[in-house]
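Chemist: Here's a sequence, model it:
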Amino acid sequence: MLIPQFRTVTALAMVAALGLSLSACSDKSSSDSANGKTTITVDCPPQKTDNGGKSLAAWNNDVAAFQKQHPDIEIKTISVGSQCDNPPDFTARLQGGTQADVFYGYMTDLNQVLDADAAADITSYLNSSNIPLWDSLAPSVKAPASDNGKYYGIGYAGYAMGLVINKKLFAQAGLDPTKPPTTWQDVATDAKKIAALGNGVVGYEEYSAGNTGGWHFTAELYSRGGSAVSSDGKKAAFNNAAGKAVLQSLHDMRFTDNSMGTKQLLTWPDLLTDAGAGKVGMYVGAPDTIKAIVTQFKGQYSDWAIGPMPGDNGAAKATLGGGSVYFFKKGLTPAQIKAGIAWVNYEDLTPGQGQFNYVEQKSEGVPVGLPEPQNWIPGSDALKKDNDLKKANTNLNLDDYTPYVNNPVNVKVEPPQAQAIYAVLDAAMSAVLTQPDADISALLSTAETKVNTLLSQQS
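Modeler: So this is what the prediction gives:
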C-alpha cells in the first residue's frame with residue numbers, strides 16, 4: 001500500500017543537496033522472462049522508517065497479493081531514497097539509463113524524461129480493458145504523462161490547491177471556521193481580524209523564496225482566471241490585470257492591513273513550522289500540507305480545515321494542481337508494459353486497495369479522511385466509491401474538509417519550465433512582501449522579459 005507523498009516545489013530545495021545511492025538500480029531493463037515469468041522493477045516503495053515500517057510491510061503484502069492474482073508476473077521493488085524524485089539523482093538515473101522499469105516522476109518531469117529519451121510510448125495500452133477506471137481518471141491527472149497525444153506513463157496521485165485555515169484562530173477572531181472565505185477580498189478581511197489577536201499570529205502567510213513564491217503566484221493567478229504562459233507555451237502571460245491583482249492584494253495585506261507579519265522570504269518548512277506552532281490563520285496549500293503540519297511540525301489535525309481556492313469577487317476560475325506519475329522505461333517489451341500497467345492499476349487506481357485501502361490504513365493508525373489523492377472526475381462513480389470507503393473508515397472529522405470537497409474547482413496544471421518560471425517570479429513576490437514602495441508594473445515587466453527568454457530557449 002503506497003501512501004503517496006506529493007513533492008511540492010519547495011521540497012525540491014530541501015532535498016536538492018541529498019546524495020542518494022543509485023546502486024540499487026539496474027543499468028538495463030529487467031528480463032522479459034525470468035523463471036517463466038515476466039519480471040519488472042518498480043521504484044518508490046515506502047521507506048523502512050515510514051509509519052514504523054508498517055507502510056513498507058503493507059506495500060510488500062500488496063506485491064504478494066498482486067503476484068498471487070498474476071502468477072505470470074514478478075515485481076521487484078527498488079528504493080531510491082526517502083525522496084523518490086530527488087532531482088539530481090533522478091536526472092543521473094535518466095542520463096545513465098539506470099531508472100527502474102516503472103519509475104516514479106513528479107508531474108513536471110515529463111519534458112526531462114522525454115529529453116533523455118527515457119520512456120516508452122504506452123498509449124495503445126491505456127484503455128478500460130487494462131485500466132477499468134481509465135475513463136474516470138481526471139484529465140489533470142492524465143495530462144502530466146502525455147505529450148502530443150501520446151502517453152509515456154500513468155498519473156496516479158492528483159492534488160489541487162485550496163485555502164487551509166486554522167479553526168482555532170478563526171473561532172478566537174469571531175469567525176466561523178465552518179465557512180472558509182471563498183474570495184480574496186474575504187481572505188483579506190478575515191486575515192486582518194485574525195492578525196488582531198496579536199501574540200505573533202498572522203492572518204495569512206505566504207511563500208516568496210526557493211521557487212515557492214512563483215509557485216503560489218501561479219496558483220493565485222489561476223484562481224483569477226489568468227495563465228502563467230500563453231496557450232502555445234511560448235510567451236509569458238502574467239503581465240496583465242490578473243497578475244497585478246495577485247501582487248497588489250498581497251502587498252495591501254502586508255503593508256496596509258499588516259495582516260501578514262514582518263517575517264517574509266518564507267519557504268515550505270518556514271510556513272508550515274509557523275502553522276504547526278499555531279501562528280498562521282490561513283495559507284494556500286493542498287490537503288497533504290495538513291498531514292505535514294501534524295507529522296513533521298507538531299500540529300494537530302483537529303485545528304485545521306480546508307476550503308476551495310478563493311477567487312476574485314467570486315468563485316475561483318481554476319486552481320493549480322497536478323500529481324505523481326509512473327513512467328515506463330524505454331525498451332520494455334509489450335509483456336513488461338502490460339505487467340507494469342497491471343501493477344499500477346492494482347496499487348494506485350482501484351478504490352479499496354493499494355493506496356485506497358482505508359481499512360488497512362486505519363488499522364495502521366494512518367489518518368483516513370483527508371481529500372487526497374484526487375484522481376477521479378467529479379461526479380464519477382469512482383469518486384463516489386472512494387468517498388464512501390473513506391467515510392466508512394475515517395478517523396478524522398470529515399466536516400473539516402466538506403467546503404473543499406463540495407466545491408471542486410477546475411484544476412489547471414503547472415506551466416512548462418515551471419521551476420525556472422517560479423524562480424523568476426520569486427523576485428516579484430519577495431519584493432511586494434518586503435518593499436512598501438514596490439513597483440508592481442515594473443516587477444511584472446521584468447519577470448515577463450526573463451520568462452520570455454527562458455521559453456524561447458526551450459527545445
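Chemist: Going by C-alpha atoms from here, please, whenever you check contacts or count neighbours.
Modeler: Will do.
Chemist: By mean pLDDT, flag the weakest helix or strand of the protein.
Modeler: helix 9-15 (a mean of 38; mean pLDDT, DSSP states H and E).
Chemist: What number of residues are in the vicinity of residue 251?
Modeler: Neighbours of residue 251 under the rule other C-alpha atoms under 10 Å: 25.
Chemist: what about it, distance to residue 109?
Modeler: Remark: distance between residue 251 and residue 109 (C-alpha to C-alpha, to the nearest Å) = 33 Å.
Chemist: Ok, residue 146 next?
Modeler: If you go by C-alpha to C-alpha, the gap between residue 146 and residue 109 works out to 11 Å.
Chemist: which of the two has more neighbours?
Modeler: Between residue 146 and residue 109, counting by other C-alpha under 10 Å, residue 109 is the more crowded of the two (22 against 19).
Chemist: ok, now which ones touch the more buried one?
Modeler: By C-alpha atoms under 8 Å, 6 or more residues apart in numbering, the contact list for residue 109 is empty.
Chemist: any idea how the protein splits into domains?
Modeler: 9-158+323-350, 162-320+410-456 (automatic domain parsing).
Chemist: Lowest average pLDDT across these?
Modeler: Comparing mean pLDDT over the domains of the chain, the weakest stretch is domain 9-158+323-350, at a mean of 86.
Chemist: Return the distance of it from the chain's centre.
Modeler: 17 Å (C-alpha atoms, centre = their mean, to the nearest Å).
Chemist: Repeat that for stretch 365-378.
Modeler: Using C-alpha atoms, centre = their mean, the offset of stretch 365-378 from its chain centre is 13 Å.
Chemist: Next: stretch 243-262.
Modeler: 25 Å.
Chemist: buried residues in it?
Modeler: Buried residues in stretch 243-262, counted by 16 or more other C-alpha atoms under 10 Å: 243-255, 257-261.
Chemist: Just to be sure, which of the residues you listed are found in helices?
Modeler: Among those, DSSP state H puts 243, 244, 245, 246, 247, 248, 249, 250, 251 in helices.
Chemist: Nearest to residue 308 among these?
Modeler: Using C-alpha to C-alpha, residue 246 is the member of these that lies nearest residue 308, at 17.0 Å.
Chemist: which element follows the least confident helix or strand of the chain toward the C-terminus?
Modeler: The element immediately downstream of helix 9-15 (helix or strand, assigned by DSSP states H and E) is strand 38-43.
Chemist: buried sites along that following strand?
Modeler: Quick answer for strand 38-43 (16+ other C-alpha under 10 Å): 38, 39, 40, 41, 42, 43.
Chemist: Residue 345: which of these is nearest?
Modeler: Nearest to residue 345 among these, with distances taken as C-alpha to C-alpha, is residue 42, at 13.3 Å.
Chemist: Quickly list what that closest one is bridged to.
Modeler: residue 77, residue 102 (DSSP bridges).
Chemist: pretty sure it is touching residue 78, no?
Modeler: Yes - using C-alpha atoms under 8 Å, residue 42 is in contact with residue 78, at 6.0 Å.
Chemist: Mutual contacts of these two, please.
Modeler: With C-alpha under 8 Å, 6+ apart as the test, residue 42 and residue 78 both reach residue 100.
Chemist: residues near residue 457, how many?
Modeler: Quick note: residue 457 (other C-alpha under 10 Å) scores 9 neighbours.
Chemist: Quick check: it vs residue 218, distance?
Modeler: 21 Å.
Chemist: same thing with residue 361?
Modeler: 34 Å.
Chemist: Please apply the same query to residue 293.
Modeler: From residue 293 over to residue 218 (counting by C-alpha to C-alpha), the distance is 23 Å.
Chemist: before we move on, what about residue 380?
Modeler: Residue 380 is 28 Å from residue 218, by C-alpha to C-alpha.
Chemist: If you count surrounding residues, which of these two has more?
Modeler: More crowded of residue 380 and residue 218, by other C-alpha under 10 Å: residue 218, with 26 against 14.
Chemist: OK, contacts around that one?
Modeler: 227, 228, 320.
Chemist: Any chance of JSON lines for those, columns distance to residue 285, neighbour count and secondary structure?
Modeler: JSON lines is the format used below for those (distance: C-alpha to C-alpha, whole Å; neighbours: other C-alpha atoms under 10 Å; DSSP: H, G, I helix; E, B strand; the rest coil):
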{"residue": "227", "distance to residue 285": "19", "neighbour count": "24", "secondary structure": "coil"}
{"residue": "228", "distance to residue 285": "18", "neighbour count": "26", "secondary structure": "coil"}
{"residue": "320", "distance to residue 285": "10", "neighbour count": "27", "secondary structure": "strand"}
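Chemist: Residue 172: which of these is nearest?
Modeler: The closest of those, once distances to residue 172 are taken by C-alpha to C-alpha, is residue 320, at 30.3 Å.
Chemist: who's that closest one bridged to?
Modeler: Bridge pairing for residue 320 - DSSP bridges - gives residue 412.
Chemist: Contacts only, for it.
Modeler: Residue 320 neighbours (C-alpha under 8 Å, 6+ apart): 160, 161, 218, 219, 222, 411, 412, 413, 414.
Chemist: I'd like the distance from residue 284 to residue 218, if you could.
Modeler: 12 Å.
Chemist: what do you get for residue 154?
Modeler: Residue 154 is 25 Å from residue 218, by C-alpha to C-alpha.
Chemist: which one of the contacts of residue 320 sits closest to residue 90?
Modeler: Using C-alpha to C-alpha, the contacts of residue 320 come closest to residue 90 at residue 414, 19.5 Å.
Chemist: isn't residue 103 right next to residue 340, touching?
Modeler: No - the criterion here is C-alpha under 8 Å, and residue 103 misses it with residue 340 at 10.0 Å.
Chemist: Many thanks, we can stop here.
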